[in-house]
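**Q** task: produce atomic coordinates for the following.
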Amino acid sequence: MEIMHDKDRNQFRLEAEGLVAHVAYEITDGGLDIRHTIVPKPLEGRGIASALVKAAYGYAKEHGLKPVATCAYAVAWLQRHPEYNGEIGKDYCEGGSCAL
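**A** Residues are numbered from 1 along each chain as shown. Next comes the predicted model:
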């Protein structure tokens, strides 16, 4: 899986089978906040969302940014990976939503 960082669009992207999966983020207040995670249905179940979130938070750590999650998937990912010392974004709404 080759993950590309599209800084102009604030996205980490992956293309497979002619489809695009991505995480979109905002950088504010010293944090990289994943706002939503999109993986097309035909690509689900392959670990793509996890790889995209990991790439984004790896970039955050490399650049001295705090991992922040507004997207419900990213919140769950941070809970599974406490070593990232992430936090839940102020706009997070429980119930599986993302901040589109």
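**Q** list phi and psi for Trp77.
**A** Dihedral pair for Trp77: phi -60, psi -50, per degrees, to the nearest 10.
**Q** tell me where this protein has helices.
**A** Here the chain has its helices, by DSSP state H, at 48-62, 72-80.
**Q** doesn't His22 make contact with Leu14?
**A** Yes - Leu14 is within contact range of His22, at 7.2 Å (criterion: C-beta atoms under 8 Å). Where C-beta positions appear, they are placed from N, C-alpha and C, glycine not excepted.
**Q** quick check: pLDDT value at Gly86.
**A** The pLDDT attached to Gly86 in the predicted structure is 95.
**Q** contacts only, for it.
**A** Gly86 makes contact with 57, 66-69, 78 under the criterion C-beta atoms under 8 Å, 6 or more residues apart in numbering.
**Q** let's see that with 10 Å instead.
**A** By C-beta atoms under 10 Å, 6 or more residues apart in numbering, the residues touching Gly86 are 31-34, 53, 57, 60-61, 66-69, 74-75, 77-79.
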